[in-house]
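Chemist: using only what follows, build the 3D model:
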Amino acid sequence: MNMKFIQKYLKKNLLLDQEHVRYVPPNTIVDTDFLGPCFGIIVHDKENKRAYAGHFPNPHSGSLVLLLNKAISELGDSKNLNVYCVGSSPGGQLEDIENRYVQHTLMERNFVASTLERYGFEKSKILFRWINKPEQYAKLKFDVDSAETEYFLFSNLSTTKKHLYKGSISDI
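Modeler: You can find the predicted model right below:
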């Protein structure tokens, strides 16, 4: 039997709730749950195999800043941490730049990127996977020990949801 397969299923699974900032200890797989207009963020200390993670409907709520402050305080210098940020589907087609929902989504994405930059995270260690169609949803599972990702992209969340992609977040 494959030892890697067995080890994966012995790990603790942590499902994120909206607006919660969670510490993710070693031997854990964190699951952002479904992200549509919401976005999920994982700040990872690869060396010590731990992280902070959150699932937020609004980056301006204060929860993003809380997560970043806790991550830096407990995980160490932001320059040594990796960041994975997913979700944030637009409220319309991205090409429709006049759509106020699209403008709002783009402003929120820029806010997240500029906040990470302001906190000293290195651009080369930040991975964004924004959703580009309003009818799509995503989900990210992240193993804090191995830094392996499993990214899911769905066409909708109805009972007939369709997988558009399943695999590593870095392969997209």
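Chemist: going forward, measure contacts between C-alpha atoms and count neighbours the same way
Modeler: OK.
Chemist: is Ile42 within a helix or a strand, and which one?
Modeler: strand 39-45 (DSSP states H and E).
Chemist: next secondary structure after that strand?
Modeler: strand 50-56.
Chemist: just how off-centre is that next one within its chain?
Modeler: 8 Å (Cα atoms, centre = their mean, to the nearest Å).
Chemist: and if you look at stretch 57-74?
Modeler: 13 Å.
Chemist: export the strand holding Ile42 as PDB, just CAs?
Modeler: These are the backbone C-alpha positions of strand 39-45, laid out as PDB (Å, rounded to 0.1, in the frame of the first residue of the first chain):
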ATOM      1  CA  PHE A  39     -11.500  34.800  -1.100                       C
ATOM      2  CA  GLY A  40      -9.300  32.400   0.900                       C
ATOM      3  CA  ILE A  41      -5.700  33.100   2.000                       C
ATOM      4  CA  ILE A  42      -3.100  30.800   3.500                       C
ATOM      5  CA  VAL A  43       0.100  32.200   4.900                       C
ATOM      6  CA  HIS A  44       2.600  29.300   5.200                       C
ATOM      7  CA  ASP A  45       5.800  28.800   7.200                       C
END
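Chemist: which neighbouring elements make contact with that strand?
Modeler: Here strand 39-45 touches strand 50-56, helix 63-75, strand 82-87, going by 3 or more Cα pairs under 8 Å, 6 or more residues apart in numbering; DSSP states H and E.
Chemist: neighbouring strands - and their directions - for it?
Modeler: strand 50-56 (antiparallel), strand 82-87 (antiparallel) (DSSP bridges).
Chemist: identify whichever of the helices and strands packed on strand 39-45 lies nearest to Gly36.
Modeler: strand 82-87 (5.8 Å; Cα to Cα).
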